[in-house]
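Visitor: heads up, no residue letters with this:
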């Protein structure tokens, strides 16, 4: 499971259920993912997403999303994080022995 090794739930504020409900009510439980035409997704929202990754729980940084768009965004963020971890495990390339430094 995705939440198995995550600390995300512990990092949510104590009033998360109230804040989540506020964000969903504010946008009428409608997914706010912009489509290619600029019109938000027509699906009902089930999740609340952080627009900018991190722990900024300000309502201005939160938006309601349908489950499909939330999963898609989280998967993309997770893939980028995994790629960054993979590349950081490589040794930096050694300079060419004939290069003047």
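Guide: Thanks, I have the structure now. What you see is a predicted model, and the numbers here were worked out from it, not measured in a lab.
Visitor: Off-centre distance for the longest helix along the chain?
Guide: Assignment by DSSP state H gives helix 67-88 as the longest helix of the chain. Mean C-alpha position of helix 67-88 versus that of the full chain (C-alpha atoms, centre = their mean, to the nearest Å) differs by 8 Å.
Visitor: got the contact list for that helix?
Guide: By C-beta atoms under 8 Å, 6 or more residues apart in numbering, the residues outside helix 67-88 that reach it are 2, 31, 33, 41, 43, 46, 47, 49, 53, 65. The C-beta positions use only the backbone N, C-alpha and C, and glycine is treated the same way.
Visitor: just the buried members of these?
Guide: Buried members of the contacts of helix 67-88, scored by 16 or more other C-beta atoms under 10 Å, are 31, 33, 41, 47, 49, 65.
Visitor: Show me the residues you listed that map onto strands.
Guide: With strands defined by DSSP state E, the entries of the buried ones among the contacts of helix 67-88 inside them are 47, 49, 65.
Visitor: Beta-bridge partners for the second one, please?
Guide: As for beta bridges, residue 49 partners with residue 63 under DSSP bridges.
Visitor: Show the contacting residues for it.
Guide: 62, 63, 64, 65, 70, 73.
Visitor: how about a cut-off of 10 Å?
Guide: 23, 31-33, 61-65, 69-70, 73-74 (C-beta atoms under 10 Å, 6 or more residues apart in numbering).
Visitor: For it, give its distance to residue 11.
Guide: Shown here: residue 49 relative to residue 11, a distance of 15 Å by C-beta to C-beta, to the nearest Å.
Visitor: Give the buried residues for the helix-or-strand element of the chain with minimal mean pLDDT.
Guide: Lowest by mean pLDDT, DSSP states H and E among the helices and strands of the chain is helix 67-88, with a mean of 80. Buried residues in helix 67-88, defined by neighbour count with 16+ other C-beta under 10 Å: 69, 70, 73, 74.
Visitor: Using TSV, lay out those together with distance to residue 19.
Guide: Formatted as TSV, the buried residues of helix 67-88 follow (distance: C-beta to C-beta, whole Å):
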residue	distance to residue 19
69	20
70	16
73	19
74	19
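Visitor: closest to residue 17 among the residues you listed?
Guide: Distance to residue 17, by C-beta to C-beta, is smallest for residue 70 among the buried residues of helix 67-88, at 17.1 Å.
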